[in-house]
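In: I would like to see how this sequence folds:
(one chain, ligands or ions: 1)
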Amino acid sequence: MNQAVETLKTLMQVYGPSGHEEQIAGVIEEMVRPYVDEVYRDALGSVIAVKRCGGKKVMLAGHMDQIGYIVTHIDENGFLRVANVGGVTPQWELFHAVRFENGVRGIVGFETKHEDYRTLKTDHLFIDIGAESYEEARSMVNVGDMCIFEAPVIETEKRLTGPYLDDRIGCAMIIEALKKLENCKYDVYAAFTVQEEVGCRGGHTTAFGIEPDIGVACDITPSPDTPETTKICSVKVGCGPAIKVKDGHLIAHPVVRRWMEDSAEAANIPVQNEVLAFGGTDAGDIALSRAGVKAGTLSIATRFGHSVAETVSIRDYEQCIDLLVSMLQRDYE
Ligand SMILES: [Zn+2]
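Out: Numbers count the residues shown, from 1 in each chain. Now for the predicted structure:
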């Protein structure tokens, strides 16, 4: 059994949409506690795990929150109407299952009068939770409740597929790196952040509180390496950890990139450069914290991002863990 994969599979199935990360925060705290000196939460709910080995402060960030839907309205027949939490594409969610914090489950349906899928909007969707009236639905959920998508996690020889690799894989990488870490050269602040999917809010507050010397976000990046796909990014699944050069919110600091490259070389890990035309991660907010922080992102190439079948290479994931360990054993300048 691959322990790193088991950790990731566990994290992928815990409830935690943006702003409601309580359950996943509890699971991560318990997982990480044996490997660090201190664990605390900030006011917004981000978990910060500190391992003190002396030296400069390195902040690692993985976001705990998930995309999903929030109930805006319950109709007279007991169907729920919803709005997005984060970047959800309506066409991709049709007929998928959802789960609320209290365990209520439903299926995403749509108004079939909209025959053109291309123009389908979230307004045209509803969630069927099996209620037969407003009153029955109201006894199960309330306006303002959030649901996440439920789908199987599938492990094959080379790949792992499922919902919420974004960004439970970043959280898992950090936890697994802390487990393996020996001869660390830094005070490591591992931040498991809230509300990234709605604007990197936990990254913003944790960076301010930690005041790091250098910061690295661990997150997924789209991998347009499938047939007839627009090349919005340059990375490929299976070609090793990706070192972000630029996205919509960040130009990675050259010191961080060099630190990653040198650490990869020392550990004999193949890496690829990533340039993404849009989007962003917590690193963008870490970089702009206080008077500025040297920041970068360790990305993992991911197919079908923000769908229920996000797909990564297991070897890429293991190499990301090893790269983090190698970085923490090496001076960044
Ligand atoms: Zn993410």
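
In: Residues in contact with the helix or strand where Glu265 lies: which ones?
Out: Assigned by DSSP states H and E, Glu265 belongs to helix 254-266. Contact partners of helix 254-266, identified using CB atoms under 8 Å, 6 or more residues apart in numbering, comprise 214-216, 240-241, 243, 245, 270-271, 294-296, 298, 323, 326-327, 329-330, 332-333. Where you see a C-beta, it was placed from the backbone N, CA and C, and this is true even at glycine.

In: Kindly export it (C-alpha atoms) in PDB.
Out: Coordinates of each C-alpha in helix 254-266 appear next as PDB, following Å, rounded to 0.1, in the frame of the first residue of the first chain:
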ATOM      1  CA  PRO A 254      13.800  33.800  -9.400                       C
ATOM      2  CA  VAL A 255      15.300  32.800  -6.100                       C
ATOM      3  CA  VAL A 256      12.400  30.400  -5.400                       C
ATOM      4  CA  ARG A 257      12.700  28.900  -8.900                       C
ATOM      5  CA  ARG A 258      16.400  28.400  -8.600                       C
ATOM      6  CA  TRP A 259      15.900  26.800  -5.200                       C
ATOM      7  CA  MET A 260      13.400  24.300  -6.700                       C
ATOM      8  CA  GLU A 261      15.600  23.600  -9.700                       C
ATOM      9  CA  ASP A 262      18.800  23.000  -7.700                       C
ATOM     10  CA  SER A 263      16.900  20.900  -5.200                       C
ATOM     11  CA  ALA A 264      15.400  18.800  -8.000                       C
ATOM     12  CA  GLU A 265      18.800  18.300  -9.500                       C
ATOM     13  CA  ALA A 266      20.300  17.300  -6.200                       C
END
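
In: in that helix, what counts as buried?
Out: For helix 254-266, the neighbour count (16 or more other CB atoms under 10 Å) marks Val256, Arg257, Trp259, Met260, Ser263, Ala264 as buried.

In: can I get the residues you listed in a markdown table with pLDDT and distance to Gln23?
Out: Converted to a markdown table, those look like this (pLDDT from 0 to 100; distance: CB to CB, whole Å):
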| residue | pLDDT | distance to Gln23 |
| --- | --- | --- |
| Val256 | 98 | 32 |
| Arg257 | 98 | 35 |
| Trp259 | 98 | 34 |
| Met260 | 98 | 32 |
| Ser263 | 98 | 34 |
| Ala264 | 98 | 34 |
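
In: Tell me the one of those nearest Pro163?
Out: Taking CB to CB as the measure, Pro163 lies nearest Met260 of those, at 28.0 Å.

In: Please report the distance of Thr230 from Lys51.
Out: From Thr230 across to Lys51, the span is 41 Å (CB to CB, to the nearest Å).

In: Between those two, point out the one with more neighbours.
Out: Between Thr230 and Lys51, counted using other CB atoms under 10 Å, the more crowded position is Lys51 (19 against 8).

In: For the stretch 201-333 of the chain, which residues are neighbours of the ion?
Out: On the criterion CB under 5 Å from the ion, the ion has as its neighbours in the stretch 201-333 of the chain the residues Asp219.

In: Quick one: residues contacting Glu182.
Out: Contacts of Glu182 by CB under 8 Å, 6+ apart are Gln329.

In: I figured Arg161 hits Ala309, correct?
Out: Quick fix: residue 161 reads Thr, not Arg. Yes - contact between Thr161 and Ala309 holds when scored by CB atoms under 8 Å: they sit 5.2 Å apart.

In: out of the two, which sits in the more crowded spot?
Out: Comparing Thr161 with Ala309 by other CB under 10 Å, the one with more neighbours is Thr161, at 19 against 15.

In: how close does the more buried one get to the ion?
Out: 17 Å (CB to the ion, to the nearest Å).

In: And the helices in the stretch 201-333 of the chain, which stretches?
Out: With DSSP state H, counting those that start in this stretch as the criterion, the stretch 201-333 of the chain has helices at 201-210, 254-266, 282-287, 314-328.

In: Packed most tightly, which of those helices would that be?
Out: Mean neighbour count, computed with mean count of other CB atoms under 10 Å, is highest for helix 282-287 among those, reaching a mean of 28.

In: Tell me which residue is most central in this structure.
Out: Asp167 (1.4 Å; CA atoms, centre = their mean).

In: Once you drop chain neighbours, what's closest to that residue?
Out: The shortest distance from Asp167 to any residue other than its chain neighbours is 4.5 Å, reached at His63 (CB to CB, 6 or more residues apart in numbering).

In: can you give me the strands for the stretch 51-200 of the chain?
Out: Secondary structure of the stretch 51-200 of the chain by DSSP state E, counting those that start in this stretch: the strands cover 57-63, 68-74, 80-85, 97-100, 105-110, 125-128, 146-150, 154-155, 159-162, 187-193.

In: For my notes, please list the ones you listed in a markdown table and give distance to Arg303 for each entry.
Out: Converted to a markdown table, the strands of the stretch 51-200 of the chain look like this (distance: least, CB to CB, whole Å):
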| stretch | distance to Arg303 |
| --- | --- |
| strand 57-63 | 19 |
| strand 68-74 | 21 |
| strand 80-85 | 22 |
| strand 97-100 | 21 |
| strand 105-110 | 22 |
| strand 125-128 | 24 |
| strand 146-150 | 17 |
| strand 154-155 | 13 |
| strand 159-162 | 9 |
| strand 187-193 | 24 |
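
In: could I get the ones you listed as TSV with mean pLDDT and distance to Gln3?
Out: Shown next, in TSV, are the strands of the stretch 51-200 of the chain (pLDDT from 0 to 100; distance: least, CB to CB, whole Å):
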stretch	mean pLDDT	distance to Gln3
strand 57-63	98	18
strand 68-74	98	28
strand 80-85	97	31
strand 97-100	98	26
strand 105-110	97	30
strand 125-128	97	36
strand 146-150	98	24
strand 154-155	97	13
strand 159-162	98	14
strand 187-193	98	18
